[in-house]
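In: Predicted model follows, preceded by the sequence.
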Amino acid sequence: MKILIIEDNEKLAKSVKKGLEQEGYAADYLTDGEAGQRRIEVNSEDYDLVILDLMLPKRDGLAVCRNWRDQDIVIPVIMLTAKDTIEEKIVGLDSGADDYLVKPFSFEELLARIRALLRRPPEVLPVQLKIHDLVLDNTTRKVFRGKREIKLTNKEFALLEYLMRHPNQVLDREQLISHVWDFAFDSFSNLVDAHIKNLRKKLESKNDEKILETIRGVGYRIKG
């Protein structure tokens, strides 16, 4: 597995690179957003995952990640941020990041999140899942609500896919973490909440029927 680190704190970038290499990963690092964006645009097949800082010189991490997603580059992205607010995390997820990590972080937690993103094998699924006017196509990895295409991040797609495979079932956070992230980790619970909030915003525009329900104190379900 090869990982690209885009982080302007060179001391941190070198430290993460060294740690990853000791764990058996190959790793490169760059220190500005423009260089990082170009590297993945040209060499996306060379990397399995990107660790992307939010605040970067020349182009910030949000703009870099959005640019990749606009070009249908689906490489997994862990975004590093210094702000631990739900709003900041949602902005990062909405830009196309699959996960976030708040600075300062432990290297063990970073490794856990990397493993969670890289671990899942491709699943054999029906070509399409459909609930009411919501359609998820696992072959094209596209989602439509009626005629409107809904752009989702990798983790949002996986989360919606799992919910749609269990219509009318209340799924708690632990189930979602286990099946979507493949990892049992307490600090992932607010990650689920952030993804659900963002997913609901994308799925339910003003005139749409409400389809994603929160069952307070229990979990979430898709109405079949």
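Out: That came through, no problem.
In: ok, the residue nearest to L62 when sequence neighbours are not counted - contacts?
Out: Excluding its sequence neighbours, the residue lying closest to L62 (C-beta to C-beta, 6 or more residues apart in numbering) is S95, at 4.4 Å. Quick note: C-beta positions are derived from backbone N, CA and C, even for glycine. When contacts are counted by C-beta atoms under 8 Å, 6 or more residues apart in numbering, S95 touches 61-63, 65-66, 69, 79.
In: neighbouring contacts of the helix or strand bottoming out on mean pLDDT in the chain?
Out: Ranked by mean pLDDT, DSSP states H and E, the weakest helix or strand in the chain is helix 86-94, scoring a mean of 74. Contact with helix 86-94 is made by 54, 61-62, 65, 79, 81, 100, 153, 155-156, 190-191, 193-195, 197-198, as judged by C-beta under 8 Å, 6+ apart.
In: redo that, cut-off 7 Å
Out: Outside helix 86-94, the residues within contact range by C-beta atoms under 7 Å, 6 or more residues apart in numbering are 54, 62, 79, 81, 100, 153, 194-195, 197-198.
In: Which of these has the largest number of neighbours?
Out: Counting neighbours by other C-beta atoms under 10 Å, M79 leads the contacts of helix 86-94 with 27 neighbours.
In: confidence score at that residue?
Out: Note on M79: pLDDT of 93.
In: do the same with P122
Out: P122 is assigned a pLDDT of 45 by the prediction.
In: Look up phi and psi at the residue positioned nearest the centre of the chain.
Out: Centroid check for the chain by C-alpha atoms, centre = their mean gives D98 as the closest residue, at 1.3 Å. In terms of degrees, to the nearest 10, the main-chain angles of D98 are phi -90, psi -20.
In: Pull up the gap between it and A158, please.
Out: 9 Å (C-beta to C-beta, to the nearest Å).
In: Among the contacts of helix 86-94, which ones are in strands?
Out: Among the contacts of helix 86-94, the members found in strands (DSSP state E) are 79, 81, 100.
In: For these, please prepare a markdown table with the additional fields distance to D46.
Out: Below are these laid out as a markdown table (distance: C-beta to C-beta, whole Å):
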| residue | distance to D46 |
| --- | --- |
| M79 | 20 |
| T81 | 26 |
| Y100 | 24 |
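In: Tell me how far the residue nearest to L62 lies from T153.
Out: In terms of C-beta to C-beta, S95 sits 8 Å off from T153.
In: next one: V64
Out: According to C-beta to C-beta, V64 stands 14 Å off from T153.
In: Check E45 too.
Out: From E45 to T153 the distance is 20 Å (C-beta to C-beta).
In: And K201, by the same measure?
Out: 13 Å.
In: how far away is the residue nearest to L62 from I86?
Out: Counting by C-beta to C-beta - S95 and I86 are separated by 15 Å.
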